[in-house]
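Student: Take a look and give me a structure for this.
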Amino acid sequence: MRDARKTEEQKRDKGEKGESLRKMNHPNIVKLKEVIRESDILYFVFEYMECNLYQLMKDREKMFSEGEVRNWCFQVFQGLAYMHQWGYFHRYLKPAREISSQPPYTEYVSTRWYRASEVLLQSYLYSSKVDMWAMGAIMAELFSLRPLFPGAR
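Tutor: Numbers count the residues shown, from 1 in each chain. Model (predicted):
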């Protein structure tokens, strides 16, 4: 369990997220190339990826095969396992953040229906289990091409 409250020191250190992202070196995690600071605003530059799962799903009429869904989800779970092993978690998974260099290869603020209740209710204590909740909702959507818990943005 990690306390998600930001201390004043963490709020001042806007580069913390960039440093954490720089540590992530895994084939199923998009690589951070550069962090640019301009007028107290941070810009993150990531490696180029051709599309995301949302783009693959949005105009699709035919269901994905079980093999495609299994392949994509396996890759995301591999990346998440690596992050979780180092004590990090994503917290804002959704299909538009699941990135693909080319179908069917993948990796991955947030739409409410992918968020775990701890995040929705703004709990200060949560764990990597919030990522598992989101992945369950994403897997259901990949199979049905519809959000599991549709709602208003």
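Student: so where does Met132 fall, helix or strand?
Tutor: helix 129-144 (DSSP states H and E).
Student: which other helices and strands contact the biggest helix by length in the chain?
Tutor: In the chain, taking DSSP state H as the definition, the longest helix is helix 66-85. Packing partners of helix 66-85 (3 or more C-beta pairs under 8 Å, 6 or more residues apart in numbering; DSSP states H and E): helix 129-144. Where you see a C-beta, it was placed from the backbone N, CA and C, and this is true even at glycine.
Student: switch the cut-off to 10 Å
Tutor: Judged by 3 or more C-beta pairs under 10 Å, 6 or more residues apart in numbering; DSSP states H and E, helix 66-85 is in contact with helix 53-58, strand 99-100, helix 129-144.
Student: want to throw these into a markdown table with distance to Phe46, mean neighbour count and mean pLDDT?
Tutor: Formatted as a markdown table, the helices and strands packed on helix 66-85 follow (distance: least, C-beta to C-beta, whole Å; neighbours: other C-beta atoms under 10 Å; pLDDT from 0 to 100):
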| stretch | distance to Phe46 | mean neighbour count | mean pLDDT |
| --- | --- | --- | --- |
| helix 53-58 | 16 | 17 | 84 |
| strand 99-100 | 8 | 22 | 46 |
| helix 129-144 | 19 | 19 | 88 |
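Student: who wins for proximity to His84 among those?
Tutor: Closest approach to His84 among the helices and strands packed on helix 66-85 (C-beta to C-beta): helix 129-144, 7.4 Å.
Student: same for the closest one, what does it pack against?
Tutor: Using 3+ C-beta pairs under 10 Å, 6+ apart: helix 129-144 touches helix 53-58, helix 66-85, helix 117-120.
Student: which intervals of the protein have sub-threshold pLDDT?
Tutor: Along the chain, the parts satisfying pLDDT under 70 run over 1-17, 91-92, 94, 96-124, 151-153.
Student: residue contacts, Phe44?
Tutor: By C-beta atoms under 10 Å, 6 or more residues apart in numbering, the residues touching Phe44 are Lys17, Gly18, Leu21, Leu32, Lys33, Glu34, Val35, Ile36.
Student: Alright, that wraps it up for me.
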